[in-house]
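Asker: What follows is a protein structure lacking sequence information:
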């Protein structure tokens with residue numbers, strides 16, 4: 001399991017314990033609002049909204065809260081005016097970092113993201129600085145239980161590109177971005193229990209970190225993730241699993 005995936009797992013564990021549930025709710029609700037504003041309130045014709053609604057179900061967000069977010073996005077209810085911004089930068093040891101944000105104040109968000117990079121041994125880059133190091137993919141999590149061969153067979157039949165075993169966490173199925181929903185529906189129809197469904201940016205190469213750089217990188221990831229305007233953080237670092245565990249305590 002890569003360092004970044006390990007960090008994501010630790011983040012999910014904290015959320016499950018309630019440590020970050022409020023922030024998770026906020027991020028999902030923002031995504032629903034933006035998705036509905038850009039593509040309309042009908043999930044049948046809005047793939048991004050379908051993914052956001054799946055995230056809301058996985059996070060157990062109340063139905064009425066979700067419905068209000070959709071209506072704010074479509075203009076049926078008054079709400080904040082959000083815009084999407086992507087920031088690119090470098091972390092300790094030359095790690096490439098992509099930061100996806102949804103904000104109602106671009107100047108505030110830019111200053112906060114720049115400050116987080118500066119405080120933790122990194123620096124914000126220009127547009128295009130590191131995005132070329134990543135590929136956008138659809139990602140579907142299959143919960144533990146089935147055999148790897150079964151998941152692999154069903155995923156490939158559904159049109160997936162790859163399946164990664166995540167040990168006790170189940171499996172990660174990767175797809176072309178446009179195939180995310182189709183593959184997820186096929187896997188569910190085949191009787192597999194699904195977790196997250198999302199689009200992510202996967203690195204084409206990785207940077208191995210240890211010592212002080214590893215510690216600073218995890219602090220940078222935490223600082224960015226704790227920012228209310230940040231939706232997702234993608235990075236290409238690798239950290240030894242035992243070191244990751246000790247640094248995350």
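Answerer: Here it is on my side, so go on. All of these numbers come straight from a predicted model, not from anything done at the bench. Numbering: from 1, shown residues only.

Asker: Tell me how far the residue sitting furthest away from the middle of the chain lies from residue 65.
Answerer: No residue in the chain sits farther from the centre than residue 76, which is 28.0 Å out by CA atoms, centre = their mean. Distance from residue 76 to residue 65, counting by CB to CB, to the nearest Å: 15 Å. For glycine as for every other residue, the C-beta is placed from the backbone atoms N, C-alpha and C.

Asker: related to what we said a few turns ago, ok now do the residue farthest from the centre of the chain, which residues does it touch?
Answerer: The contact partners of residue 76, by CB atoms under 8 Å, 6 or more residues apart in numbering, come to residue 41.

Asker: Recalculate using a threshold of 6 Å.
Answerer: Residue 76 is in contact with no residue at all, counting by CB atoms under 6 Å, 6 or more residues apart in numbering.

Asker: The one 3 residues further on now?
Answerer: Shown here is residue 79, whose contacts under the criterion CB under 6 Å, 6+ apart are residue 72.

Asker: Can you classify it by secondary structure?
Answerer: coil (DSSP: H, G, I helix; E, B strand; the rest coil).

Asker: what about it, distance to residue 38?
Answerer: For residue 79, the distance to residue 38 equals 14 Å [CB to CB].

Asker: Next: residue 30.
Answerer: To residue 38, residue 30 is 12 Å away according to CB to CB.

Asker: Residue 208 too?
Answerer: As for residue 208, its distance to residue 38 is 38 Å (criterion: CB to CB).

Asker: ok, now residue 184?
Answerer: Taking CB to CB, one finds residue 184 at 20 Å from residue 38.

Asker: Compare neighbour counts for those two and give me the winner.
Answerer: Higher neighbour count among residue 184 and residue 38: residue 184, with 26 against 12, using other CB atoms under 10 Å.

Asker: number of nearby residues for the residue lying closest to residue 237 once chain neighbours are set aside?
Answerer: Take residue 237 and drop its neighbours on the chain: the residue closest to it by CB to CB, 6 or more residues apart in numbering is residue 95, 4.5 Å away. By other CB under 10 Å, 27 other residues sit near residue 95.

Asker: Please apply the same query to the one 5 residues further on.
Answerer: The criterion is other CB under 10 Å. On that basis, residue 100 has 19 neighbouring residues.

Asker: Could you pull up phi and psi at it?
Answerer: Here is the backbone geometry of residue 100 (degrees, to the nearest 10): phi -90, psi 130.

Asker: mind listing what it touches?
Answerer: 86, 231-232.
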